[in-house]
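J.: Can you look at this prediction? I've put the sequence above it.
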Amino acid sequence: MELCANSGLDMFSYYGLAASAALSVLNYLLLGLSYNVDGFYMHSFEIWLACTVVFPGAGNLGYTLLEYRLGQRSIASSFLENITWVPFL
């Protein structure tokens, strides 16, 4: 009995693509037409900003202060090394 490479598990990726396309269009319409949404709806830009700017920035600052407070490095060298790794995140 030969196993087929396409065992049907990739069908779920098609559902994910279809759902993301439909939800993206819905998001575009809600924000583009300025429809009043409830207070629990967050705009996509706010989520993106939090994920790409706030969390890595606070993490780098916290790790810099941790290395400085533990006495492992100076604050300048620790900050410089953390900043050099930002493009690889």
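T.: The structure has been received and is ready for your questions.

J.: Only C-alpha atoms from now on, for both contacts and neighbour counts.
T.: Fine.

J.: which secondary element of this protein has the worst mean pLDDT?
T.: For the chain, using mean pLDDT, DSSP states H and E, the weakest element among its helices and strands is helix 44-49, scoring a mean of 74.

J.: Can you spell out the domain ranges of the chain, please?
T.: With domains defined by automatic domain parsing, the chain comprises 8-37, 42-89.

J.: Just name the most buried of the ones you listed.
T.: Among the domains of the chain, ranked by average contacts under mean count of other Cα atoms under 10 Å, first place goes to domain 42-89 (a mean of 12).

J.: mind checking how far the residue most central in space within the chain is from Gln72?
T.: Nearest to the mean C-alpha position of the chain, counting by Cα atoms, centre = their mean, stands Cys51 at 4.4 Å. Taking Cα to Cα, to the nearest Å as the measure, Cys51 falls 29 Å from Gln72.

J.: cool, and Leu80?
T.: Here the criterion is Cα to Cα. By it, Leu80 lies 14 Å from Gln72.

J.: Show me what the helix or strand that contains Leu66 is packed up against.
T.: Assigned by DSSP states H and E, Leu66 belongs to helix 55-70. Applying 3 or more Cα pairs under 8 Å, 6 or more residues apart in numbering; DSSP states H and E, we find helix 55-70 packed against helix 75-84.

J.: helices or strands next to the lengthiest helix in the chain in the packing?
T.: Secondary structure of the chain per DSSP state H: the longest helix is helix 11-32. Applying 3+ Cα pairs under 8 Å, 6+ apart, we find helix 11-32 packed against no helix or strand.

J.: which other residues reach it?
T.: For helix 11-32, the surrounding residues in contact (Cα atoms under 8 Å, 6 or more residues apart in numbering) are 37, 43.

J.: What average pLDDT does that helix get?
T.: What helix 11-32 shows for mean pLDDT is 80.

J.: roughly how far is it from the heart of the chain?
T.: Computed by Cα atoms, centre = their mean, to the nearest Å, the chain-centroid distance of helix 11-32 equals 17 Å.

J.: again, but for stretch 69-89
T.: Centroid separation between stretch 69-89 and its chain, computed with Cα atoms, centre = their mean, is 22 Å.
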